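Engineer: How does the following fold in three dimensions:
(one chain, ligands or ions: 2)
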Amino acid sequence: MADHYEVLGVSKDASQDEIKKAYRKLARQLHPDVNPGEDAAERFKLVTHAYDVLSDEDSRRRYDMGGDQNGGFGGGFGGFGDIFETFFGAAGGARSARPRSRRERGQDALVRIDLELGDVVFGVHRDIEVDTAVLCETCQGSCCQPGTSPVTCDVCGGSGHVQRQVRSLLGNVVTTQPCGSCEGYGTVIPNPCGSCAGQGRVRSRRTVALDIPAGVETGLRLQLPGSGEVGRAGGPHGDLYVEVAVAPHPVFSRDGDDLLATLEVSMTDAILGTTTTIEGLDGSVDLELRSGVQSGDVLTIGGRGITPLRGSQRGDLRVGVQVITPTKLDGAQRKLIEDFAKKAKAPAPRLAQFQQGLFSKLRDRFRSH
Ligand SMILES: [Zn+2]
Ligand SMILES: [Zn+2]
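Structural biologist: Residues are numbered from 1 along each chain as shown. Ligands and ions are numbered 1, 2, ... in the order given. Sure, this is the predicted structure:
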């Protein structure tokens, strides 16, 4: 590790004033505010660390004598300790005696996937691309250049905290603060890993095989524990959340685990009855329309709906009948219908209770059973 005097560019017998001036000059050059590079940030840390050691007479003496690692008072932060905290984050847990860990739990990640309604009937397998932080192969999360390791911080002696005397109305008060030199870790990394810039993790795109269960709906989030971002310094993974969006289907809609559709039936088929085959989301279904079927009648095909998210009993396919009245009749056809009307003695229009739209009628009928 570089000599603290060299880092600041001062001689071994420099006065406190000279040390302070040298530090202020370098801090202005390297400050993350004016110099946002990774290298400058690293040098700023080194410079600040050197200043922390040398600006306090006690720790400077220990350093000169060969670096007693068990320093007590860091002291001498001046106004710079605050700046340091602003840019590198104040270390948490100032009250606890232990240094904080570099290892942090990774963040949760969220991806969205688009599904068709057909995917929801039985569930579907998807390979999804996820862009997250993964463990750095080079350092395996140690943050250090291979072959090197963190060294005990000689400002705080490895505790991650420094004590500082503050003059107050009540006299001198000793407060404990996170060590600004090691950011409270108790160690510093003299040779950060080049592949991950000392973070222990890198961003990478990977493929996650996903079995989406049947019965999911738009907005539902599937949780994959431990599949999110790897933490800093090889910390545990966060979780991966997959949010589902189900595209509307041109024919089928969903009511709970049931599928709904409308079957348009000609007036003559409705009168005479017929058989027909409809295409469901999972193959064809034979339907028998009784003679005299009415608009609004519902044909229920059991077990051809959606497999529920919890459970295995599929919902039903419910088909609402809508009889289509012919609109274009030629002369002969009209004559036939008029003859039919005379013979059938069709009743005159009659006032009855208001009928809601077909779909709400479908639902009402279903719920009343
Ligand atoms: Zn690395
Ligand atoms: Zn420290």
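
Engineer: So which bits of the stretch 151-300 of the chain are right by ligand 1?
Structural biologist: 193, 195-196 (Cβ under 5 Å from the ion). Quick note: C-beta positions are derived from backbone N, CA and C, even for glycine.

Engineer: which one of the residues you listed is nearest D114?
Structural biologist: C196 (33.3 Å; Cβ to Cβ).

Engineer: As TSV, the residues of the stretch 151-300 of the chain next to ligand 1 with secondary structure, distance to D3 and pLDDT would be great.
Structural biologist: Listed next are those as TSV, based on DSSP: H, G, I helix; E, B strand; the rest coil; distance: Cβ to Cβ, whole Å; pLDDT from 0 to 100:
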residue	secondary structure	distance to D3	pLDDT
C193	coil	23	95
S195	coil	28	95
C196	coil	27	95
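
Engineer: Among the residues you listed, which one lies nearest to ligand 2?
Structural biologist: Relative to ligand 2, the closest of these is C193; by Cβ to the ion it sits at 20.3 Å.

Engineer: thought that closest one was touching Q140?
Structural biologist: No: counting by Cβ atoms under 8 Å, C193 stays clear of Q140, with 9.3 Å between them.

Engineer: Among those two, which residue is more densely surrounded?
Structural biologist: Legend: neighbour count by other Cβ atoms under 10 Å for C193 and Q140, higher for C193 (22 against 13).

Engineer: Let me see the contact set for that one.
Structural biologist: When contacts are counted by Cβ atoms under 8 Å, 6 or more residues apart in numbering, C193 is found next to 136, 138-139, 142-146, 200.

Engineer: Tell me the buried residues within these.
Structural biologist: Neighbour-count burial (16 or more other Cβ atoms under 10 Å) applied to the contacts of C193 gives 136, 138-139, 142-145, 200.

Engineer: Dump the residues you listed to a markdown table, plus secondary structure and pLDDT.
Structural biologist: Below are these laid out as a markdown table (DSSP: H, G, I helix; E, B strand; the rest coil; pLDDT from 0 to 100):
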| residue | secondary structure | pLDDT |
| --- | --- | --- |
| C136 | coil | 95 |
| T138 | coil | 95 |
| C139 | coil | 94 |
| S142 | coil | 94 |
| C143 | coil | 95 |
| C144 | strand | 95 |
| Q145 | coil | 95 |
| G200 | coil | 95 |
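
Engineer: in the stretch 51-200 of the chain, which spans are helices?
Structural biologist: 57-64, 80-88, 117-122 (DSSP state H, counting those that start in this stretch).

Engineer: Comparing these, which yields the minimum mean pLDDT?
Structural biologist: Mean pLDDT per stretch puts helix 80-88 lowest among the helices of the stretch 51-200 of the chain, at a mean of 37.

Engineer: Give me the three-state assignment for the residue nearest to G9 when sequence neighbours are not counted.
Structural biologist: Excluding the flanking residues, the one nearest G9 by Cβ to Cβ, 6 or more residues apart in numbering is A22, at 5.7 Å. Of the three states, A22 takes helix according to DSSP: H, G, I helix; E, B strand; the rest coil.

Engineer: Tell me which helix or strand F354 sits in.
Structural biologist: Here F354 sits in a region with no helix or strand, counting by DSSP states H and E.

Engineer: typo on my end, V208
Structural biologist: Here V208 is assigned to strand 201-213, by DSSP H and E.

Engineer: which residues sit in contact with whatever residue of the stretch 201-350 of the chain ends up closest to ligand 2?
Structural biologist: Minimum separation of the stretch 201-350 of the chain from ligand 2 (Cβ to the ion) falls at A233, amounting to 16.3 Å. By Cβ under 8 Å, 6+ apart, A233 lies in contact with 101-104, 141-143, 199-201.

Engineer: redo that, cut-off 10 Å
Structural biologist: With contact taken as Cβ atoms under 10 Å, 6 or more residues apart in numbering, A233 is in contact with 101-104, 135-136, 139, 141-144, 150, 185, 189, 196, 198-201.

Engineer: Mind pulling up the pLDDT for it?
Structural biologist: pLDDT at A233 comes out at 93.

Engineer: Can we start the residue count at 46 from this point?
Structural biologist: With the count now opening at 46, the last piece we talked about shows up as A278.

Engineer: ok so it is a helix residue?
Structural biologist: Yes: judged by three-state DSSP, A278 forms part of a helix.

Engineer: distance of it from D84?
Structural biologist: 20 Å (Cβ to Cβ, to the nearest Å).

Engineer: shared neighbours of C238 and Q185, which are they?
Structural biologist: Common neighbours of C238 and Q185 (criterion: Cβ under 10 Å, 6+ apart): 191, 245.

Engineer: And stretch 356-372, what's buried?
Structural biologist: Residues of stretch 356-372 classed as buried: 359-366, 368 (neighbour count, 16+ other Cβ under 10 Å).

Engineer: no no, stretch 264-272
Structural biologist: Under the neighbour-count criterion of 16+ other Cβ under 10 Å, stretch 264-272 has 267, 269, 272 buried.

Engineer: which stretches of the stretch 46-195 of the chain have low pLDDT?
Structural biologist: Along the stretch 46-195 of the chain, segments meeting pLDDT under 70 span 46-47, 78, 112-142.

Engineer: Would you map the strands across it?
Structural biologist: 154-160, 168-180 (DSSP state E, counting those that start in this stretch).

Engineer: same question, the stretch 296-414 of the chain
Structural biologist: Using DSSP E, counting those that start in this stretch, strands in the stretch 296-414 of the chain cover 298-300, 303-311, 319-325, 328-334, 343-346, 362-369.

Engineer: Next, format those strands as CSV and append mean pLDDT.
Structural biologist: As requested, those are exported to CSV (pLDDT from 0 to 100):
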stretch, mean pLDDT
strand 298-300, 94
strand 303-311, 96
strand 319-325, 95
strand 328-334, 94
strand 343-346, 95
strand 362-369, 96
